[in-house]
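here is the input, now give the coordinates:
(one chain, ligands or ions: 2)
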Amino acid sequence: MVEQQLNNALEEQLASVFGYREFRQGQRQVMLASLQNQDSLVLMPTGGGKSMCYQLPALIREGLTVVVSPLVSLMQDQVAALKTMGVAAEFLNSTMTPEQTQEVYRQLNQQQLRLLYVSPERLLQPAMLERLHGLTLAAFAIDEAHCISQWGHDFRPEYGQLGVIRQQFPQVPIMALTATADASTQTDIVQRLQLHQPLIHRSSFDRPNIRYVVEEKYKPIKQLVDYVVRQRGVSGIIYCGSRRKTEDLAERLQLKGVRAAPYHAGLEHELRASTLSRFVRDDLDVVVATVAFGMGINKPNIRYVAHFDIPRSIEAYYQETGRAGRDGLPAEAVLFYDPKDAQWVRRMIEDQPNEARRNVEKHKFVAMQAMAESQTCRRLVLLNYFNEYRSEDCGNCDICLNPPQRYDGTTDAQMALSCVYRVNQQFGLHHVVDVLRGSKSQRVIELGHDKLSTFGIGKAESHEYWLAVIRQLIHRGLLIQDIRRYSALQLTEEARPVLRGEVALALAKPRLTALTSAGKVTD
Ligand code: ADP
Ligand code: ZN
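Ligands and ions are numbered 1, 2, ... in the order given. Prediction:
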């Protein structure tokens, strides 16, 4: 078929099978390339419409399109959706009975199927490859193709072997798709899949309807619960770093009358499946989850994604927050952040035995932390990371909406730094603030810290105010928290000139709008 005919055929199928009138940015181009047997690399953000890029051509060309997909749940969702649209699609994976598998083989042999979804392990089995050689193949689509890259945030060893496809089926075009697109990952995908002069399409990674917000943790659990309660009735996902926390937070939310449930890989398969389907049906408002939740969940009306713990990379953060607002309506991504959490993550990364891997993880985390601590438009930081440059601030992130105001923080810094010095650099944030504010707590009295010259010198300001000041001193490298010694604050060399009054220090005015009380807060 010539290009015009292909075009018409695509438009016809788009309307009749999927019920859509227009292609999204890049879709048509990618589909035409595929139909003309060109390899392609498709970089589109989550929700950008990647799957359509291989599904639609599969309907108008002869032969079978094989889709490699890493997750069983993702395959099942897509195949189920295709079947309801009357498309002959099936999957093969380890959860199926021998009878079910035989039935798929039968349909394959009779060339009845348009699309077959398989896991990489399954595809690479010699018997499976053998079977495919006996069929007419139209195309391969490699979904979540970043899993092939060591530089990716989600490397899967099985994906590493997919180069076999090109060797065994040199005539069949390959389409690689991903929502992760740093330059090294891209190069890796092209090389490892041996793509030949691929069409490379990248859509903008901007999700303008998502508002990015970072809230510093003061009293984290209360902040999170209050946040969710304020959003009552709309769908949201809360990501946290441990299974135990998901259960604990879900329970606390339930006590406040929120329809919440935990989700993590340690829960029974049936329970996870029912949680997911309740969430999709809006019978559940909030899922409190580990990263095990999400890849491939197709729910357009998620209004917020909250991170209770900082993710380890911008890719992960972007992908997780990208599940919000797929319907294009306003949504929010809120990250609850404490610099101390970042130190824990760094320490965990240090424990990674493989040096190359450790360096990649460090590098990625540095970028994530910079985004969390950014004093400039967060969206620009994000897009920059994906090599998409803009000069205009976005107007829809916490920094743009409520810009940090600068003030001469030299005196504040001197008070805080000398207080750290007076307590012999052996105490953490909250204690230092207690001393600064002249707290008569039992601990302060017992330690004799009420006798220090810095006791009470900061009583004019709230506890949160001082936390925010000290955290900036940490960000600026004037103080460090010794994570091995109960996060005790210690002065660095950088602190000296400030203490001696040799340099002035501009700080951002602590933004405490979200906080109600000016009183003492402890975790
Ligand atoms: P991705 O795989 O990139 O995360 P999907 O392929 O799941 O995204 O698509 C996200 C949503 O957008 C789906 O609901 C899909 O039906 C819809 N979609 C895809 N292409 C179009 C289009 N051209 N017009 C309207 N909706 C589309
Ligand atoms: Zn902004």
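
burial of residue 231, as a residue count?
Residue 231 has 18 neighbours, counted by other Cβ atoms under 10 Å. Just so you know, the C-beta spots here come from the backbone N, C-alpha and C atoms, and that holds for glycine as well.

so what's it up against?
303, 304 (Cβ atoms under 8 Å, 6 or more residues apart in numbering).

swap in the one 4 residues further on?
Residues touching residue 235, when contacts are defined by Cβ under 8 Å, 6+ apart, comprise 279, 282, 285, 286, 299, 301, 302, 303.

with residue 478 instead?
413, 417, 491, 492, 494, 495, 498.

could you pull up phi and psi at it?
phi -90, psi -20 (degrees, to the nearest 10).

for the chain, which residues are neighbours of ligand 1?
Within the chain, the positions adjacent to ligand 1 are 20, 22-24, 27, 44, 46-52, 298 by Cβ under 6 Å from any ligand atom.

cutoff 5 Å now
20, 23, 24, 46, 47, 48, 49, 50, 51, 52 (Cβ under 5 Å from any ligand atom).

measure the second one to ligand 2 for me?
So that's residue 23. Distance, residue 23 to ligand 2, by Cβ to the ion, to the nearest Å: 29 Å.

for the helix or strand encompassing residue 277, the distance to its chain's centre please.
Applying DSSP states H and E as the criterion places residue 277 in helix 269-280. Going by Cα atoms, centre = their mean, to the nearest Å, the spacing between the C-alpha centre of helix 269-280 and its chain's C-alpha centre is 21 Å.

how about residue 333, nearest residue that isn't a chain neighbour?
For residue 333, ignoring the flanking residues on the chain, the nearest one in space by Cβ to Cβ, 6 or more residues apart in numbering is residue 321 at 3.6 Å.

now do residue 421 against residue 267, distance only.
The gap separating residue 421 from residue 267 is 49 Å, by Cβ to Cβ, to the nearest Å.

residue 70 too?
Counting by Cβ to Cβ - residue 70 and residue 267 are separated by 20 Å.

in the stretch 51-200 of the chain, which residue sits nearest ligand 1?
In the stretch 51-200 of the chain, the residue that lies nearest ligand 1 is residue 51 (3.5 Å; Cβ to the nearest ligand atom).

wait, that residue sits on residue 143?
Yes - counting by Cβ atoms under 8 Å, residue 51 touches residue 143, with 7.3 Å between them.

neighbour count winner among these two?
residue 143 (24 against 21).

whatever residue of the stretch 301-450 of the chain ends up closest to ligand 1 sits in which helix or strand?
Residue nearest to ligand 1 within the stretch 301-450 of the chain: residue 326 (6.3 Å; Cβ to the nearest ligand atom). If you go by DSSP H and E, residue 326 is not part of any helix or strand.

show me the contacts for it.
46, 47, 299, 300, 301, 302.

tell me the contacts of the one residue sitting closest to the centre of the chain?
Central residue of the chain (Cα atoms, centre = their mean): residue 317, 2.5 Å from the mean position. The contact partners of residue 317, by Cβ under 8 Å, 6+ apart, come to 307, 311, 335, 368, 371.

how far off centre is the helix or strand in which the fourth one is found?
In other words, residue 368. In the assignment (DSSP H and E), residue 368 maps to helix 355-372. With Cα atoms, centre = their mean as the basis, helix 355-372 stands 14 Å off its chain's centre.

just the mean pLDDT for it, thanks.
Helix 355-372 carries an average pLDDT of 87.

run through who's touching it.
By Cβ under 8 Å, 6+ apart, the list of residues contacting helix 355-372 reads 150-151, 153, 214, 310-315, 317, 335, 337, 342, 345-346, 349-350, 352, 378, 381-382, 385.

just the ones of those in helices?
314, 315, 317, 342, 345, 346, 349, 350, 378, 381, 382, 385 (DSSP state H).

so what's the first one closest to, chain neighbours aside?
Pointing back at residue 314 there. The nearest residue in space to residue 314 (Cβ to Cβ, 6+ apart) is residue 385, at 4.8 Å.

number of nearby residues for that neighbour?
Residue 385 has 21 nearby residues by other Cβ under 10 Å.

now do it, the pLDDT please.
83.

contacting residues for it?
Residue 385 touches 182, 314, 367, 371, counting by Cβ under 8 Å, 6+ apart.

got it, and residue 57?
Contacts of residue 57 (Cβ under 8 Å, 6+ apart): 10, 31, 34, 35, 65, 138, 139.

switch the residues you listed over to CSV; also include pLDDT, secondary structure and neighbour count.
CSV is the format used below for these (pLDDT from 0 to 100; DSSP: H, G, I helix; E, B strand; the rest coil; neighbours: other Cβ atoms under 10 Å):
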residue, pLDDT, secondary structure, neighbour count
10, 95, helix, 20
31, 97, helix, 27
34, 96, helix, 27
35, 95, helix, 22
65, 98, strand, 25
138, 97, strand, 22
139, 98, strand, 24
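
please, which helix or strand holds residue 510?
Here residue 510 is assigned to no helix or strand, by DSSP H and E.

beta partners of the residue in the stretch 151-300 of the chain that ligand 2 sits nearest to?
Using Cβ to the ion, the closest approach of the stretch 151-300 of the chain to ligand 2 is made by residue 212 at 7.1 Å. Counting by DSSP bridges, residue 212 is bridged to residue 333, residue 397.

from residue 345, how far off is it?
19 Å.

thinking again about what came up before, between residue 51 and residue 143, what contacts are shared?
residue 177.

below-threshold pLDDT in the stretch 151-300 of the chain: ranges please.
151-153, 181, 295-296 (pLDDT under 70).

in it, mark out all the strands, start to finish.
Listed in chain order, the strands of the stretch 151-300 of the chain (DSSP state E, counting those that start in this stretch) span 174-178, 199-202, 210-216, 235-239, 260-263, 286-289.

same for the helix holding residue 277, what does it pack against?
strand 260-263, strand 286-289 (3 or more Cβ pairs under 8 Å, 6 or more residues apart in numbering; DSSP states H and E).

what comes up buried for stretch 381-398?
Neighbour counts over stretch 381-398 (16 or more other Cβ atoms under 10 Å) mark 381, 382, 383, 385, 386, 394, 396, 397, 398 as buried.

residues contacting the fifth one?
The contact partners of residue 386, taken as Cβ under 8 Å, 6+ apart, are 181, 182, 205, 314, 318.

from residue 185, how far off is the last one?
When Cβ to Cβ is applied, the distance between residue 318 and residue 185 equals 13 Å.

who has more neighbours, these two?
Neighbours were counted for residue 318 and for residue 185 using other Cβ under 10 Å; residue 318 has more, 26 against 23.

fine, thanks again, bye for now.
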